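A.B. asks: just coords:
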């Protein structure tokens, strides 16, 4: 591994904390439709979650709902079900997350999850002190369009940290693409839920967990 990274930026879900159970997010989409007095099509709701879709045209043309109003309620409902899962431990921290405390130098967090959900996770688990900057997606259609594999939020984090040469640590093919679009290296964390996942781009580093990665990084920050 290189020894001159100026900072390390982490993804959240699948890296620090377990991914959200998909059916909980499908429930949130269905609940949103009910709030607009529309009987939900669960298969349609599931597809929007599986494919990370913002169903703008369907919501407007098929259901007669204002897409922005729908999306903001969908985001609020998704945040609510995730907070519940975090409180009960259903969505738990990984055992090796304490490894980040051993790192020195600037650290950031950039996630496709809602910004409010990221703040809740860090506050709930007393992790906020470890990060100099954090970004989740804004709860709007515009915010959703800027999430990874777009590099918008990564670039904002780098600007806030005042660095241009950093390592981004993620567990998704989108993370590798977003890091490279931002002009920085990517470390892919192949946790159990990513076993067998093919990557469209070769990451610069690959690890099974945070402890191994941090051990290599301890002397790597400028």
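C.D. replies: In hand now; what should we look at? Here the structure is a predicted model, which is why all the values come from computation and not from measurement.
A.B. asks: hey, where'd the strands end up in this protein?
C.D. replies: For the chain, applying DSSP state E gives strands covering 7-10, 107-114, 133-137, 166-170, 185-189, 205-207.
A.B. asks: Out of these, which gets nearest to residue 94?
C.D. replies: strand 185-189 (9.5 Å; Cβ to Cβ). All C-beta atoms are positioned from the backbone trio N, CA, C, and that covers glycine.
A.B. asks: just to revisit the earlier point, nearest to residue 149, out of the strands of the chain?
C.D. replies: Among these, if distance is taken as Cβ to Cβ, the winner is strand 107-114, at 9.6 Å.
A.B. asks: What pairs with the closest one, parallel or antiparallel?
C.D. replies: Sheet pairing of strand 107-114 (DSSP bridges) gives strand 7-10 (parallel), strand 133-137 (parallel).
A.B. asks: by how many degrees do that strand and strand 166-170 diverge?
C.D. replies: When axes from the mean of the first three to the mean of the last three Cα atoms, to 10 degrees is applied, the directions of strand 107-114 and strand 166-170 differ by 40 degrees.
A.B. asks: ok, back up a step: most packed of the strands paired with strand 107-114?
C.D. replies: strand 7-10 (a mean of 26; mean count of other Cβ atoms under 10 Å).
A.B. asks: ok, back up a step: could you dump the strands of the chain into a markdown table with mean pLDDT and distance to residue 61 added?
C.D. replies: Below are the strands of the chain laid out as a markdown table (pLDDT from 0 to 100; distance: least, Cβ to Cβ, whole Å):
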| stretch | mean pLDDT | distance to residue 61 |
| --- | --- | --- |
| strand 7-10 | 97 | 38 |
| strand 107-114 | 97 | 26 |
| strand 133-137 | 96 | 24 |
| strand 166-170 | 97 | 34 |
| strand 185-189 | 97 | 38 |
| strand 205-207 | 96 | 43 |
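A.B. asks: I'd like those as CSV, with distance to residue 154 appended.
C.D. replies: Shown next, in CSV, are those (distance: least, Cβ to Cβ, whole Å):
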stretch, distance to residue 154
strand 7-10, 7
strand 107-114, 5
strand 133-137, 8
strand 166-170, 6
strand 185-189, 10
strand 205-207, 16
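A.B. asks: Cheers, nothing more for now.
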